[in-house]
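# turn this into a structure:
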Amino acid sequence: MELSEGKKRFVKLFMDKGVLLSPEFVEQLSSASDEDVGKVITRLSNENSPLIMSKEVEEFFSKVGGDTDWGEFERMVVNLEKKKGKEMFGKVVEVIKEDTEREKEKNKKKSVEVLFSYEDSDSKKDVQTFVSYFNNRYSALKKILQNRQELERASAISRVKVKTEKETVAVIGIVSAKILTKNKNIILTIEDPSGEINVLVNNSKPELISLTKSIVLDEVIGVTGTSSNGIIFVNSIVFPDIPLSHEMKRSNKDESLAVIGDIHLGSKHFLYDEFMRMIKWLRGEFGSEMHKEEAAKIKYVFLIGDLVDGVGIYPSQENDLEIKDIKKQYDVLANYLKMIPEHMEIIICAGNHDAVRIAEPQPPLPKDFAKSLWDLPNVTMVSNPSVISLGADENFSGFNVLLYHGFSFPYYGEGVESLRLKGGLESVEHILEFLLKKRHLAPTHTSTQYIPDEREDFLVIKHVPDIFITGHIHRTSITNYKGVTMMNSSSWIGMTDFQEKVGLKPLPARVPIINLKTRKAKILKFSND
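Presented below is the predicted three-dimensional model:
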């Protein structure tokens, strides 16, 4: 069998690529026109182009495109050479096509990506666990504080304590005590792994005194001042805070997110009519034309904990329950969520009423109780707290969204004087700003129930979020702080005796939304009051 020079070059190109041609194929080649062979040589010479060996292979590439890897290609060729026939070839095409599409989907930037969701540790908890927990908190926040120029060269406390001469110093430590003296000075005791030291804020500096009053136990701060005889006289106090340089991102897509928190389904006080109006609005079936246009832009829906009312959460709760089986509570909620259009991504975290431990971080809702929610195709389950990336693509890095249900909020709203004077729990935006300044969701040991973890303190706000979404207080709020949009959810439950007893004054049946392209926010009201 004699081949032309062009066809010999064709065979050589295959061999140079490490592909051996069967005698049967070479025989077929002898009957091919020189023009066809020339076209194949041109494609073969391009590393990114697929090989063309027969009409069947041409058909194959037209179906799966040119991104197929050589291993898959050669496996298909072997099957053909074993004469498994066109039926086998068809199956190979479909399998490789599915693999190719799956790989493309995997490599594509997802519109919802979980950056952090807590996974429980099975390790035994002892005294050393608490030591590691607070050491890790200190280390994480120290790194943030050392980005501030005045704290770049902060000294270990043990080195400052032994200085005998007056000297300007900077230290970073955890606040372990705070007292107001008879002279109206404030003395803080701060500690780091090397030791502890007292720092004095003189009442002759009213702005500094005011700032110090908002300091809470167990938070990490930076201090600059003059050291003398084992004490520091404070010139400035530095919080980890959000840097002024933080950019307010804007998406290149005209889409929005909505926050629906504290549903409390299962309670006799659940606001059925209002909740259904909201669902119909998401479906484009309720509201004015303007409202329907807003609904059409919703891409992400956040459920920020307390999805159901739960069972046994507070004394005599059974008297307030319409549905006394917690699994059934989740099943009924799932039926509502099924009505939300599937193109909307639903992100769910737990709250203190949900069927998960109350201590934070709370893992995602367990499948044992909430399988009906897990089975929904457009639901992403995450822990409380968690961090989500939204809307990333090849042209946009996406938004980082910090989720936290907010169990610590009453402690700070009622216990920190400056927050209480600003409205306490009725002005949740000030609480959110307060925690962003501390870069911690519950800095004080007693402000929330928590599980210490030797790996790290998962309540530290290590990375600056673009959007901070919370709940628990049953009052809606949307504000901005240094480029961070802070959103607190409403609720879907009327006033209960328990809420009245603990001082919660809800503003229910409202949905805060934000347009991710313009970063403009609004609150939609679904109640008649």
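# please look at Met278 and Ala509 and confirm they touch.
Yes. Counting by CB atoms under 8 Å, Ala509 is a contact partner of Met278 at 7.4 Å. C-beta coordinates here come from the backbone N, C-alpha and C atoms, glycine included.
# any common contacting residues for the two?
Trp492, Phe526 (CB atoms under 8 Å, 6 or more residues apart in numbering).
# number of nearby residues for Ile144?
Residues lying near Ile144 (other CB atoms under 10 Å) number 22.
# hmm, it is touching Arg439, no?
Yes. Ile144 is within contact range of Arg439, at 6.0 Å (criterion: CB under 8 Å).
# which residues do these two both contact?
Pro240, Lys462.
# residues touching Ala509, list them.
Leu271, Glu274, Phe275, Arg277, Met278, Ser490, Ser491, Trp492, Lys525, Phe526, Ser527.
# which two of those have the greatest separation?
Using CB to CB, these reach their maximum pairwise distance at Arg277 and Ser491, which is 14.9 Å.
# can you list the domains in the chain?
5-107, 113-117+243-525, 148-238 (automatic domain parsing).
# off-centre distance for the last one?
Domain 148-238 has its C-alpha centroid displaced from the chain centroid by 34 Å (CA atoms, centre = their mean, to the nearest Å).
# that domain: end-to-end distance?
8 Å (CA to CA, to the nearest Å).
# check stretch 441-461 too.
Termini of stretch 441-461 sit 7 Å apart (CA to CA).
# would you mind listing the buried residues in stretch 504-511?
Leu504, Pro506, Leu507, Pro508, Ala509, Arg510, Val511 (16 or more other CB atoms under 10 Å).
# which element is Thr479 on?
Using DSSP states H and E, Thr479 sits in strand 477-481.
# ok so, going back, closest one to Asn185 out of the buried residues of stretch 504-511, please.
Looking across those and measuring by CB to CB, the closest to Asn185 is Leu504, at 36.9 Å.
# list the contacts for the closest one?
Counting by CB under 8 Å, 6+ apart, Leu504 has contacts Leu425, Ile473, His474.
# among these, who's most crowded?
Ile473 (27 neighbours).
# on that earlier part again, give me the buried subset of the contacts of Ala509.
Leu271, Glu274, Phe275, Arg277, Met278, Ser490, Ser491, Trp492, Phe526.
# return the distance of stretch 480-487 from the chain's centre.
The answer for stretch 480-487 is 15 Å, by CA atoms, centre = their mean.
# what residues of that stretch count as buried?
Buried-residue list, stretch 480-487, by 16+ other CB under 10 Å: Tyr481, Gly483, Val484, Thr485, Met486, Met487.
# biggest separation within the residues you listed, which pair?
Longest span within the buried residues of stretch 480-487, CB to CB: Gly483 and Met487, 14.1 Å.
# who's in contact with stretch 139-150?
So stretch 139-150 is contacted by 151-152, 154, 170, 172, 192, 220-222, 224, 236, 238, 240, 243, 439-440, 456-457, 460, 462 (CB under 8 Å, 6+ apart).
# go with 6 Å
Stretch 139-150 is contacted by residues Leu151, Glu152, Ile172, Val220, Gly222, Thr224, Val238, Pro240, Val460, Lys462 when judged by CB atoms under 6 Å, 6 or more residues apart in numbering.
# before we move on, what about stretch 203-216?
By CB under 6 Å, 6+ apart, the list of residues contacting stretch 203-216 reads Val175, Lys184, Asn185, Ile186, Val201, Ile237, Val416, Ser418, Pro443, Thr444.
# just stretch 306-320 next, same as before
In contact with stretch 306-320 (CB under 6 Å, 6+ apart) are residues 262-268, 326, 329, 333, 351, 353-354, 496, 498.
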